[in-house]
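A.B. asks: pasting the sequence and the predicted coordinates here, then a few questions.
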Amino acid sequence: MKTATATATATADQRYINDVLAIAMNMSSQSNNDPFRPAWHFAPQFGLLNDPNGLAHFNGEFHLFYQWNPKACQHGAKAWGHATSKDLINWSHQPLALAPTEHYETHGCYSGSGLVVDGKLELFYTGNVKFEQGGRTAYQCRATLEAGKQVKKQGIVLSLPEGYSGHVRDPKVWQYQDAFYMVLGAEDLNYRGKVLAYRSNDLNNWEMIGEIFGDGVGNQQSDDFMLECPDLFPLADKHVLITCPKNWIDMGGKKVETFDVTYHIGDFDHQTATFEHSNGVLMDNGFDFYAPQTFEDESGRRILFGWMGKPDEFEPYQPTIELGWIHQMTCARELTIRNNTLIQTPVKELESLRQDQQDFTGLKQQFTGLSAELVLENLEGADIKLEIANDCYIESNQTGLVTRRKNLKTAEWESIAWQGTVSSLRLLRDHSSVEAFINGGIAVSTSRFFGLGQGEEKNVGFALTSQKEITATHWQLSA
Ligand code: FRU
């Protein structure tokens with residue numbers, strides 16, 4: 001256990017910021033001719049965005065920090081970007097929050113979370129360090145944001161625990177009664193993924209209270225080799241654990257990494273550090289959903305943001321790279337539990353974007369607009385097809401819902417988002433993204449669509465055809 005140490009970072013941080021400014025000035029992210037940039041989702045001004053971090057409602061505003069490589073549209077030594085919002089829709093970019101300038105974070109200020117304690121926003125993140133001779137280590141670190149001030153690094157609060165590889169990261173911290181708790185994603189020395197739990201009385205000294213999830217915990221068996229971005233939180237009278245389990249699958253004879261997100265519903269005992277839970281369920285089967293994080297707002301809602309992206313093999317072919325940026329966040333989603341199932345629905349604030357309502361009943365319709373919402377009802381027995389862009393479709397029939405896209409290096413992709421009856425669909429489109437909420441949010445399919453990368457003229461809004469008369473409502477969305 002270590003105590004946090006304050007460090008002088010001003011000059012290294014200033015050098016980092018100067019580098020970023022010089023690079024940003026050469027990027028064309030401000031291009032007016034950018035058909036892919038979202039109108040009301042959060043996206044980086046330039047560079048690569050990945051996981052949402054440090055989510056909190058603090059000092060009258062929502063805070064969204066995020067994994068950011070402001071120096072390139074590739075992964076690398078990540079910084080934390082920062083934005084604030086009053087309504088979860090309109091975001092103001094804030095100064096860079098954390099730059100990887102200290103010896104304990106040479107290869108990135110990796111993901112972590114935020115917690116408001118005594119009128120300050122306490123941030124926990126992973127200092128990622130790779131050794132020249134190979135191998136890596138990870139430090140869990142603390143930083144503090146006081147109202148109206150810059151984020152101040154407090155240093156290391158936890159070094160690598162024994163029995164695990166250098167992959168121990170992504171602290172999610174919360175308070176329960178008089179103590180603070182943290183979960184970490186980890187890989188053990190037998191290459192098995194684990195979720196570790198810690199307790200602290202002062203945010204600086206952390207004591208491991210157990211492995212709460214993963215192969216060999218209780219009667220669990222799993223060959224996932226790492227669990228990234230764990231998030232454990234109370235919801236209704238249960239606890240939910242979200243993790244990103246890492247594994248390998250065979251894709252046409254090629255071994256590729258998975259980037260799935262699963263949730264487990266159960267009961268967490270803070271005393272014994274045990275989590276009794278039901279089987280895991282995939283949270284989203286679209287092409288672009290990873291590393292989500294939740295927080296509780298002041299009214300008690302559990303709100304989730306996810307990274308609308310994945311570091312898969314097609315990532316380098318995303319057409320926004322030429323425009324100087326890559327990836328965006330999902331919309332803010334409220335989580336609830338119904339019949340032991342996690343339900344995701346867009347937060348109610350998003351309804352304020354609705355304009356120009358168009359009601360429709362029939363078989364075929366071209367709904368125009370690239371920032372729009374479409375709600376389809378009474379879909380039982382209907383086979384529907386929604387064209388989103390050239391060669392990009394969502395199709396639903398009685399066996400389920402499938403998302404197809406043909407783009408990004410001409411790969412034809414098909415993803416089965418839901419198996420079973422589809423009775424309703426709520427689709428949110430924002431230029432190059434569509435989030436499809438199936439049957440009231442029981443399942444979600446989150447994907448980017450680039451229309452062969454040729455630009456706006458290839459996008460078609462929502463072109464609907466149905467085999468049975470259905471009813472639909474369409475709105476233009478304007479922030
Ligand atoms: C998930 C992840 C985290 C890590 C971060 C680095 O996307 O790999 O485990 O902290 O991204 O950017």
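C.D. replies: The structure has been received and is ready for your questions.
A.B. asks: just the element for Q221, please.
C.D. replies: Q221 is part of no helix or strand when elements are defined by DSSP states H and E.
A.B. asks: how about it, nearest residue that isn't a chain neighbour?
C.D. replies: D215 (6.2 Å; Cβ to Cβ, 6 or more residues apart in numbering). Glycine gets a C-beta too; all of them are placed from N, C-alpha and C.
A.B. asks: need the residues of this protein near the ligand, please.
C.D. replies: 50-51, 67, 78, 110-111, 126, 169-170, 228-229, 290-291 (Cβ under 6 Å from any ligand atom).
A.B. asks: biggest separation within these, which pair?
C.D. replies: Within the residues of the chain next to the ligand, T126 and Y290 form the most distant pair, 16.6 Å apart (Cβ to Cβ).
A.B. asks: thought E102 was touching K153?
C.D. replies: Yes. If you go by Cβ atoms under 8 Å, E102 and K153 touch, sitting 6.9 Å apart.
A.B. asks: name the nearest residue to L374, ignoring sequence neighbours.
C.D. replies: With Cβ to Cβ, 6+ apart as the criterion, L374 has its nearest non-adjacent residue at 4.6 Å, and that residue is L427.
A.B. asks: residues in contact with the one you found?
C.D. replies: Going by Cβ atoms under 8 Å, 6 or more residues apart in numbering, L427 touches E373, L374, V375, L376, L386, I394, V434, E435, A436, F437, F462.
A.B. asks: now, of the residues you listed, which are buried?
C.D. replies: When those are checked for burial by 16 or more other Cβ atoms under 10 Å, the buried set is E373, L374, L376, L386, I394, V434, E435, A436, F437, F462.
A.B. asks: name the nearest of those relative to the ligand.
C.D. replies: The closest of those to the ligand turns out to be E435 (Cβ to the nearest ligand atom; 18.9 Å).
A.B. asks: show residues contacting the strand or helix carrying that closest one.
C.D. replies: Element membership for E435 (DSSP H and E) is strand 433-438. Strand 433-438 has contacts (Cβ under 8 Å, 6+ apart) with 38, 41, 286, 288, 308, 328, 330-331, 344-346, 388, 394, 401, 403, 417-418, 422, 424-428, 444-449.
A.B. asks: list buried residues within those.
C.D. replies: Buried residues within those, counting neighbours by 16+ other Cβ under 10 Å: 38, 41, 286, 288, 308, 328, 330-331, 344, 346, 388, 394, 401, 403, 417-418, 422, 424-428, 444-449.
A.B. asks: now do the strands in the stretch 51-200 of the chain.
C.D. replies: Under the criterion DSSP state E, counting those that start in this stretch, the stretch 51-200 of the chain carries strands at the ranges 61-69, 79-85, 91-98, 109-117, 120-130, 136-146, 151-158, 164-176, 179-188, 193-200.
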